[in-house]
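[1] predicted model and sequence follow; I will ask about them next.
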Amino acid sequence: MNPSTLSTTRRPRRRVVAVGVVAAALTVVGGAGAAMAAAPTSPVAEAVAGVLAEVGIDWSAMPEGYTRAQYEAFWGAGYTPEDVAALGALWSTDDTQTKARAGQALLDGETLPVAPGSTAPEAGPTDVEVSGELPEGYTPAQYAAFWDAGYTADDLEALSTLWSTDATETKARAGQMLLDGQTPPVAPGSTPASGS
């Protein structure tokens, strides 16, 4: 085989291999970035940040200007995404700025103008709007008592799991308990939001 032909055929292969390695690396870094953005203090995000730092890539798991201490202070206090929106509206800040400012205020011992978990989620369509009428055995008074007490979708799920009931039966049962002056076993707004 001619040596000049051999070197010509190897160059394109090297380029293809090099392009493949670079593409794979970018995919890993991109995927890691998405994971880190979703949960910047998770063990996976911390491990990825450590590995990237070892190979010389400066990657912060937290957005610029938002420290891990602020993050932990804010979410650890029990704030919800709805509270972030309420504080952001008061301060005219975006979500990251809001969480950083609120977290720092908490670290400094200040009281925020919105209490943790005090902002009700935006109301979705009611059972009546979805079906046209309430299911059998579920009255408007039970419906109003349940939601007006401040229960969240996460509280509903916790009660349903506890009672082994579907959502409608859970709302009817808890709503009736409230109407009867009893206290359901899950307090309104006490269940941590799923996915926060």
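    Cool, got the structure.

[2] any low-confidence regions in this protein?
    Residue ranges of the chain with pLDDT under 70: 1-63, 121-134, 194-196.

[3] how about the helices in it?
    Applying DSSP state H to the chain gives helices spanning 3-38, 43-54, 68-76, 81-91, 95-107, 127-131, 140-148, 153-163, 167-179.

[4] the fifth one versus helix 81-91: what angle between them?
    I take that to be helix 95-107. Computed by axes from the mean of the first three to the mean of the last three CA atoms, to 10 degrees, the angle separating helix 95-107 from helix 81-91 equals 90 degrees.

[5] buried residues of helix 95-107, list them for me.
    For helix 95-107, the neighbour count (16 or more other CB atoms under 10 Å) marks 97, 98, 99, 100, 101, 102, 103, 104, 105, 106 as buried. To be clear about C-beta, it is placed using only N, CA and C from the backbone, and glycine gets the same treatment.

[6] could you say what helices and strands that helix packs with?
    Contact analysis of helix 95-107 by 3 or more CB pairs under 8 Å, 6 or more residues apart in numbering; DSSP states H and E lists helix 68-76, helix 81-91 as its packing neighbours.

[7] closest one to residue 139 among these?
    Closest to residue 139 of the helices and strands packed on helix 95-107, according to CB to CB: helix 81-91, at 27.5 Å.

[8] show me what the closest one is packed up against.
    In terms of contacts (3+ CB pairs under 8 Å, 6+ apart), helix 81-91 is packed against helix 95-107.

[9] contacts for the helix it packs on next, please.
    Helix 95-107 has contacts (CB atoms under 8 Å, 6 or more residues apart in numbering) with 63, 65-67, 69-74, 77, 79, 84-85, 87-88, 91, 93, 112.

[10] send me that helix as PDB with only the CA atoms.
    What follows is helix 95-107, C-alpha atoms only, in PDB (Å, rounded to 0.1, in the frame of the first residue of the first chain):
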ATOM      1  CA  ASP A  95     -37.000  34.800  40.000                       C
ATOM      2  CA  THR A  96     -33.300  34.400  40.500                       C
ATOM      3  CA  GLN A  97     -32.900  38.000  41.800                       C
ATOM      4  CA  THR A  98     -35.900  37.400  44.100                       C
ATOM      5  CA  LYS A  99     -34.600  34.200  45.600                       C
ATOM      6  CA  ALA A 100     -31.100  35.700  46.100                       C
ATOM      7  CA  ARG A 101     -32.500  38.900  47.700                       C
ATOM      8  CA  ALA A 102     -34.900  36.900  49.900                       C
ATOM      9  CA  GLY A 103     -32.300  34.300  50.900                       C
ATOM     10  CA  GLN A 104     -29.800  37.000  51.800                       C
ATOM     11  CA  ALA A 105     -32.500  38.800  53.900                       C
ATOM     12  CA  LEU A 106     -33.200  35.600  55.800                       C
ATOM     13  CA  LEU A 107     -29.400  35.100  56.300                       C
END
